[in-house]
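Trainee: Return atomic coordinates for the entry below.
(one chain, ligands or ions: 1)
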Amino acid sequence: MPILSPFTDDNINLHQLSVLQYGKCTLCGKSLVQGARVYAGKMNDGSYAIACDDCKDRIDTPLSNYVFYRQEAEMPDKDVKLWRYQDFSKFVSLLDSGKLFFTRADSFDDPFECAKGFNFQKDAIYAEMEKYLRIKVTTDLKNAGNNNPSNDEINTALKKEMDAMIKQQGEKRKAYFVSCWHENERESEGMWKLYTSALSEGVAVQTTVERLCRSLKNDVFEIGKVNYVSYDKPLNDKQVPVWYKRDGFAHEKEVRVVIKDATVTETGMPVAADLDTLIEAIYVSPTTKPWLAYLVRKVTLKYGLDKPVNYSQLNETPVY
Ligand SMILES: [Zn+2]
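Mentor: Have a look, this model is predicted:
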């Protein structure tokens, strides 16, 4: 995986930087260790560093340190173009609120959001959970002073933990809030049709991975590519379900931003974003009338954003 060069902008949130670094020490390039302390700071040349324990003394101006958790998803390169196709009304709502709407994982149309597999694979999924829980309950019993727990004692404790775990599984996905983007160098005819209710009133916001990361005012999030899998086998314990979808959705080429927050009870979370940073360009759909394209540009300017509004290249005149 590529290592991204550090940002030099003073506004960049340090957490974002660490996310953008693919979990490598920016000074020596070694992989940061999950759960180990990492050190953030500024270098004399104006760049930021997220350093491993060996390199921490090389940081010119130390700023903070924290426990490192590597995100599971693969992050696209920072210059990759991302698109969000929507109706004009949703676009105006974005301009007006200055907030990106994150949908709670259980509120998507796809019931498989955050699923580990199919219902018929339940036994295999639960067996996997049981393996891990057996170790946990045995350790718990020992910690409680029972140094040699009998099989019966383990099984009773295990059953209790399993019942609780199974109950929690569906609830767990309510802690994930997701903003979905489509990765593509160019416009996609299919996405216009999928994500606008009236094609002629479609507006697409085009950003980049870097712009998206820098625009978000929430300081803790993850960004990554969705993995499309067949679910021939259910996901294993190391695969975090929010980063997986069935391969029937592969055409969506989705990059998502995920915020985990179990304290929010609403079905969505508006997250403040700097729109001037976020929006690189705006596109109107192939069937948009000129008056609406003009209106999109005019409304965008009214909200203080001077962004190019492009006509869809998909309706250029062909040569035969
Ligand atoms: Zn290092």
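Trainee: tell me the phi and psi of the closest residue to K116 other than its chain neighbours?
Mentor: In this structure, K116 finds its nearest non-sequential neighbour in L235, 4.7 Å apart by Cβ to Cβ, 6 or more residues apart in numbering. C-betas here are computed from N, CA, C, even on glycine. Dihedral pair for L235: phi -60, psi 150, per degrees, to the nearest 10.
Trainee: right, and L235 touches W243 too?
Mentor: No: under the criterion of Cβ atoms under 8 Å, L235 is not in contact with W243, lying 9.5 Å apart.
Trainee: re earlier: the residue nearest to K116: what's it in contact with?
Mentor: By Cβ atoms under 8 Å, 6 or more residues apart in numbering, the residues touching L235 are K116, G117, V229, P241, Y244.
Trainee: out of those, which one sits closest to L82?
Mentor: Y244 (19.3 Å; Cβ to Cβ).
Trainee: What are the buried residues along stretch 270-290?
Mentor: Using 16 or more other Cβ atoms under 10 Å as the test for burial, stretch 270-290 gives 271, 273, 275, 277-280, 282-288.
Trainee: ok, which pair from the residues you listed is furthest apart?
Mentor: Within the buried residues of stretch 270-290, V271 and T287 form the most distant pair, 31.3 Å apart (Cβ to Cβ).
Trainee: Wait, T138 touches N151, no?
Mentor: No: look at T138 against N151 with Cβ under 8 Å: they stay out of range, at 10.5 Å.
Trainee: now the helices: where do they sit in the stretch 151-300 of the chain?
Mentor: Along the stretch 151-300 of the chain, counting by DSSP state H, counting those that start in this stretch, helices occupy 151-172, 189-195, 209-215, 275-278, 290-302.
Trainee: What is the burial count for the residue lying closest to Q169 once chain neighbours are set aside?
Mentor: Sequence neighbours aside, K116 is the residue nearest to Q169 in space, at 8.0 Å (criterion: Cβ to Cβ, 6+ apart). K116 is flanked by 21 other residues according to other Cβ atoms under 10 Å.
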